[in-house]
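In: quick one: sequence and predicted model below, then my questions.
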Amino acid sequence: QVQLVESGGGLVQAGGSLRLSCAASGRTFSMYLMGWFRQAPGKEREFVACTRWSDSTTYYGDSVKGRFTISRDNAKNTVVLQMNSLKPEDTAVYYCGASPSSTSYSYTSVYAFRYWGQGTQVTVSS
């Protein structure tokens, strides 16, 4: 089992920045993939970014490319999402996801991730 705890959400004005963290605990030695999704009211969960643990390859959703950066701290089993140039449409609950093994699903799919955190609210005011 893997437990994920997100932190760092909050309220920010458009154009501002926020930094989200996701700390993993439990059976993290075999981690394969960690990433972030978001879900706005009335919408489906949307892929934001992820990183593959073996080689640090990163992937981004089209709506956040060039503004968000995902990184990891192996020693702390933590993945960080740095969000810059935030827009009101970035407002959502952000969820951290993790997968302990390789998957046949696209990394942009929720089905590629087995474990989820409780989510953290990000609100961007105009």
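Out: Great, that's in hand. Residues are numbered from 1 along each chain as shown.

In: secondary structure element for the most centrally placed residue in the chain, which one?
Out: The centroid of the chain falls nearest to Trp36 when counting by C-alpha atoms, centre = their mean (1.7 Å). Secondary structure from DSSP states H and E places Trp36 in strand 33-39.

In: Thr78 pairs with what?
Out: For Thr78, the beta-bridge partners under DSSP bridges are Ala23, Asp73.

In: ok, now how distant is the residue nearest to Ser85 when sequence neighbours are not counted from Lys76?
Out: Distance criterion C-beta to C-beta, 6 or more residues apart in numbering; nearest residue to Ser85, sequence neighbours excluded, is Arg67 at 4.6 Å. Where C-beta positions appear, they are placed from N, C-alpha and C, glycine not excepted. Using C-beta to C-beta, to the nearest Å, Arg67 is found at 24 Å from Lys76.

In: more neighbours: which of those two?
Out: Counted by other C-beta atoms under 10 Å, Arg67 and Lys76 do not tie: Arg67 has more neighbours, with 15 against 11.
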